[in-house]
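Undergrad: okay, sequence plus prediction incoming.
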Amino acid sequence: MLVPTNRMERGPNIVADRVRVVIAEDSVLLREGLTRLLTDRGHEVVAGVGDAEALIKSVRELADECAPPDVVVADVRMPPTHTDEGVRAAVRLRRDHPGLGVLVLSQYVEEQYATELLAGNSRGVGYLLKDRVAEVREFVDAVVRVAQGGTALDPEVVAQLLGRSRKQDVLAGLTPREREVLGLMAEGRTNSAIARQLVVSDGAVEKHVSNIFLKLGLSPSDGDHRRVLAVLTYLNS
């Protein structure tokens, strides 16, 4: 039996990585598919809705019942106009429920929406392309990571934001390899995962990360938040 957690008040406290999920997707077929993917792996889908208004209402009602979800998975575009209702709802939920993880799905990279969602805080947030759902393990891992306060950004989103950030002075002091490491950090990867991706040692990655912190002016006094602050600097540059 799942012991309900209240991440909106207490921060991440997920039992054995099992998470409570609300899915907002107007395609019934995709919504049911996402539900099956998550429940088959031991997670609990506490609500499935088809529009942004129902999403906000469901999260509010669950919070009022002291059984809030850990994470919301929402399509960027939902009824009635199929433009930006989903991401607007996600931004509102992040404002009203700071402890709630939000993972949005999009058919294409829409930089404006990604930037708006990530503005101010990259903890417990994700932006994935819908094609990524086909990579089941990576998708489920992303849902759990976001629920636990981590970051999950699609590599294509990161690549596009990186292309924009190269025009800015704030990251000008980073080497190409340090930019690469910072981009992988923005995807939500751990140092060990970055090392595997780049085929280097964990120690080499740790050195790059330390150099990134130093060049971005993030002192050791920032503690565990330095990684988040580094990613925010990257995303907001």
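TA: Happy to help now that I have it. If you're wondering where the values come from, they're calculated on a predicted model, not measured in any experiment.
Undergrad: quick one, helices of this structure?
TA: Counting by DSSP state H, the segments of the chain that form helices are 7-10, 28-39, 52-64, 85-96, 111-118, 136-147, 155-165, 176-186, 191-198, 202-215, 225-236.
Undergrad: and those helices as CSV, adding mean pLDDT, distance to Val22 and mean neighbour count?
TA: Just so you know, the C-beta spots here come from the backbone N, C-alpha and C atoms, and that holds for glycine as well. CSV is the format used below for the helices of the chain (pLDDT from 0 to 100; distance: least, Cβ to Cβ, whole Å; neighbours: other Cβ atoms under 10 Å):
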stretch, mean pLDDT, distance to Val22, mean neighbour count
helix 7-10, 38, 13, 16
helix 28-39, 94, 11, 15
helix 52-64, 94, 6, 18
helix 85-96, 88, 9, 20
helix 111-118, 72, 16, 18
helix 136-147, 91, 11, 21
helix 155-165, 67, 22, 17
helix 176-186, 88, 25, 20
helix 191-198, 92, 27, 16
helix 202-215, 90, 34, 17
helix 225-236, 68, 24, 19
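Undergrad: compare those and report which one is nearest to Val21.
TA: helix 28-39 (5.7 Å; Cβ to Cβ).
Undergrad: so the closest one versus helix 136-147, what angle?
TA: Relative orientation of helix 28-39 with respect to helix 136-147: 80 degrees, computed using axes from the mean of the first three to the mean of the last three Cα atoms, to 10 degrees.
Undergrad: pretty sure Ser58 sits against Gly50.
TA: No. Using Cβ atoms under 8 Å, Ser58 makes no contact with Gly50, being 10.9 Å away.
Undergrad: show the contacting residues for the spatially most central residue of the chain.
TA: Centroid-nearest residue in the chain: Gly126, 2.0 Å away (criterion: Cα atoms, centre = their mean). Going by Cβ atoms under 8 Å, 6 or more residues apart in numbering, Gly126 touches Gly101, Val102, Leu103, Val104, Ala142, Val143, Arg145, Val146, Thr151, Ala152, Leu153, Gly188.
Undergrad: could these go into a markdown table alongside distance to Asp202?
TA: Formatted as a markdown table, these follow (distance: Cβ to Cβ, whole Å):
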| residue | distance to Asp202 |
| --- | --- |
| Gly101 | 27 |
| Val102 | 30 |
| Leu103 | 27 |
| Val104 | 31 |
| Ala142 | 22 |
| Val143 | 26 |
| Arg145 | 19 |
| Val146 | 24 |
| Thr151 | 20 |
| Ala152 | 21 |
| Leu153 | 22 |
| Gly188 | 17 |
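Undergrad: which one of those residues is nearest Lys215?
TA: Using Cβ to Cβ, Thr151 is the member of the contacts of Gly126 that lies nearest Lys215, at 20.3 Å.
Undergrad: pLDDT at that closest one, what is it?
TA: Listed pLDDT for Thr151 reads 83.
Undergrad: and it, how far from Val45?
TA: Thr151 sits at a distance of 22 Å from Val45 (criterion: Cβ to Cβ, to the nearest Å).
Undergrad: who's more crowded, those two?
TA: Thr151 (25 against 20; other Cβ atoms under 10 Å).
Undergrad: now the more buried one, nearest residue through space, not along the chain?
TA: Counting by Cβ to Cβ, 6 or more residues apart in numbering, Gly188 is the residue found nearest to Thr151 once chain neighbours are left out, at 4.0 Å.
Undergrad: what pLDDT does Thr5 get?
TA: At Thr5, pLDDT is 40.
Undergrad: break the protein into its domains for me.
TA: The record's domain parsing of the chain by automatic domain parsing lists 7-153, 159-236.
Undergrad: export stretch 61-81 as CSV, just CAs?
TA: Provided in CSV are the C-alpha atoms of stretch 61-81 (Å, rounded to 0.1, in the frame of the first residue of the first chain):
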residue,chain,number,x,y,z
GLU,A,61,-8.5,18.5,-5.5
LEU,A,62,-5.8,16.0,-4.7
ALA,A,63,-3.8,18.6,-2.7
ASP,A,64,-7.0,19.5,-0.8
GLU,A,65,-7.4,15.8,0.1
CYS,A,66,-3.8,15.7,1.4
ALA,A,67,-2.9,13.2,-1.3
PRO,A,68,-1.1,15.4,-3.9
PRO,A,69,0.6,13.9,-7.0
ASP,A,70,4.4,13.8,-7.1
VAL,A,71,4.5,14.7,-10.8
VAL,A,72,2.3,15.9,-13.7
VAL,A,73,2.9,14.7,-17.2
ALA,A,74,1.2,17.1,-19.6
ASP,A,75,1.0,17.8,-23.4
VAL,A,76,2.1,21.3,-24.4
ARG,A,77,-0.9,21.7,-26.7
MET,A,78,-4.4,20.8,-25.4
PRO,A,79,-8.0,21.9,-26.0
PRO,A,80,-9.7,24.1,-26.7
THR,A,81,-7.2,25.9,-29.1
